[in-house]
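>>> build me a structure from this.
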Amino acid sequence: MDATSAFWTRVQALEEHLDRLDYTALSAMSDADKVTAMTRIRRLADRMSAGAAVVTDAAFRANATDHTTGTPLPDFLAKTEGRTPSQGIGVVKRASKLAHHPGVRDAALAGDVSPDHATAIGEELGKLPQDQLSPEQVDRAAGLFLDRAATTPPGQLKRATKKILEEVAPEAAPLPGDEAARIAAQRSRAVKDRRLVWGSDGEGSTWFSGQLPDLEAQQVIGTLQAFGEKGRRAERDEAQALRTQRAEGRITDSQYLSARLELEHREARSTAQRMADALIDMVTQMGSLDKVPSAGGQTPRLVVTLNYDQLHDALEGKVAAGVVHGATGEVPVDAGSLRRMCCEAGILPVVLGGESQVMDMGQERRLVTGAIRRALEIRDGGCIFPGCTVPADLCQAHHIRPWWNEGPTSLDNLCLVCRHHHALVEPDRYHSRDQWRIVVDPDTKIPLVLPPERLKKHLPKSPGELVASRTGAVSLGVNSARIRRSGTENLGEDSARTANPGPGENSAQAALVA
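Residues are numbered from 1 along each chain as shown. Below is the predicted model of the structure:
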């Protein structure tokens, strides 16, 4: 049997064995056997992945898809495997790196190193001065990289390149001046290769991908880590503030447990989630400080569209969401998220006819001016939620009576809340959930936080407590370390109605944004 026939015979045998592999056997295995099965199957998967890379590289070098289909390999992979063209290019590049050196390639095919290690080694071998090294020296360098692969993650192998070159070919190692030139050239390539792209995953999220030169990347990473650590400190401070407030009798045990449970949800965030939140906080802070530059003569804004029938339903309180037009196109958004976004963004309502023609375009409204924002920061000092210590520069301006229900953009109808607590206190338009709410004291014009109804029976009724027994207002609406409250015993009927406008008070403007 010739090599080609043997190749196809074995490929067919692999496919048949895979078809007959019964994974239901896992349910009867001991834990030890499951670990063994996992290890062996994963090693086989790595070997098959390496084999796929070798075959891909061979097809690329032979221009096989060009000859047989008139399509370059990256585009062929994109069309036949549901990839993007850029992903197809990445597959081809990684395959080329893995197959760069025969020894490294064979180690990957044998399962001695992972495909990721082999790809990283191939990339580093390609950086060596090939014209100054003999084949034996390149082989030795490959062997040293393979030795290090056993204990070194793929991304860290590049740290060994300089030492390996000095070991296998001291005469080819760069002199200090050459090293400086190499670093300068590396910097130039990194600047040239910088990129940032994004797109929708079709499931309500947007993905980001890119790379930055190391120096700028360190600035970005350092800033994100600082925002992330600031969040951790805020959580610790908030937990301590809650303990202090309970010990001093300013909140009840029920209030403490409710706020502490909410805090625990934030404390449970993964590092990746914290970094995502840090990026959002960083952008939010820029927006709150009016640091976002204009584009095309205007700052970023939201455009919300509803067709005529949706507008009619909205007027009757039947529509709970709209469509936001952003940088990546149309994004469906739930009503709660949209109302939170409306608090500080520019809103442009658009009414569409049956064929999506524009029937009416409303006037954009910038809901919080710089002057009002500064006044809020002076008055509230930070998030007003009980125990929260998030500072003012990381907070959002919240309309106590929603602007979609004709709530005015004025100091006595606004308060500062952090992004997390904004979601907690944003009024439910249909009053279908028992939630934390915010009202304004009619005498002091200071916002106070009301707990869920289920906590009212636990609230103290002592006149010394800044709590209204009839309304259940919590005296810690603004962190007591920032602002001292006094003389509030009754919030009044008007305040309660302001915090919870009835469904009959909705306007056409409300329909455009909800």
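
>>> leaving out chain neighbours, which residue sits closest to residue 227?
Of all residues not flanking residue 227 in the chain, residue 278 sits nearest, at 3.7 Å (Cβ to Cβ, 6 or more residues apart in numbering). For glycine as for every other residue, the C-beta is placed from the backbone atoms N, C-alpha and C.

>>> how much space separates the one you found from residue 232?
10 Å (Cβ to Cβ, to the nearest Å).

>>> in terms of neighbours, single out the busier of those two.
Shown here are residue 278 and residue 232; by other Cβ atoms under 10 Å, residue 278 has more neighbours (19 against 13).

>>> part of a helix, is the more buried one?
Yes: Residue 278 forms part of a helix when assessed by DSSP: H, G, I helix; E, B strand; the rest coil.

>>> tell me the contacts of it?
224, 225, 227, 228, 231 (Cβ atoms under 8 Å, 6 or more residues apart in numbering).

>>> in the stretch 101-250 of the chain, where is pLDDT below threshold?
Segments of the stretch 101-250 of the chain classed as low confidence (criterion: pLDDT under 70) are 176, 179.

>>> for it, what spans make up the helices?
Ranges of helices within the stretch 101-250 of the chain are 102-109, 115-127, 135-149, 161-168, 176-192, 214-247, based on DSSP state H, counting those that start in this stretch.

>>> right, and these - which one's nearest residue 51?
If you check each of the helices of the stretch 101-250 of the chain against residue 51 by Cβ to Cβ, helix 102-109 wins as the nearest, at 6.1 Å.

>>> report the angle between the closest one and helix 135-149.
30 degrees (axes from the mean of the first three to the mean of the last three Cα atoms, to 10 degrees).

>>> show me what helix 102-109 is packed up against.
helix 31-61, helix 85-98, helix 115-127, helix 135-149 (3 or more Cβ pairs under 8 Å, 6 or more residues apart in numbering; DSSP states H and E).

>>> give me the buried positions along it.
Buried residues in helix 102-109, counting neighbours by 16 or more other Cβ atoms under 10 Å, are found at 103, 104, 105, 107, 108, 109.

>>> what does stretch 159-179 give?
Within stretch 159-179, the residues that count as buried by 16+ other Cβ under 10 Å are 160, 161, 164, 165, 168, 169, 173.

>>> determine the number of other residues adjacent to residue 28.
So residue 28, with other Cβ under 10 Å, has 7 neighbours.

>>> meant to ask about residue 280
Neighbourhood size, residue 280 [other Cβ under 10 Å]: 12.

>>> which one is it nearest to, not counting chain neighbours?
residue 419 (6.9 Å).

>>> next one: that neighbour from residue 447, what distance?
With distances taken as Cβ to Cβ, residue 419 is found 17 Å from residue 447.

>>> do the same with residue 212
For residue 212 relative to residue 447 (Cβ to Cβ), the value is 41 Å.

>>> which residue of these two possesses the greater neighbour count?
Neighbour count, other Cβ under 10 Å: between residue 212 and residue 447, residue 447 has more, with 26 against 17.

>>> check contacts around that one.
Contact analysis of residue 447 by Cβ under 8 Å, 6+ apart lists 380, 384, 400, 415, 438, 439, 440, 441, 477, 478.

>>> helix or strand with the lowest mean pLDDT in this protein?
Using mean pLDDT, DSSP states H and E, the weakest-scoring helix or strand in the chain turns out to be helix 508-513, at a mean of 26.
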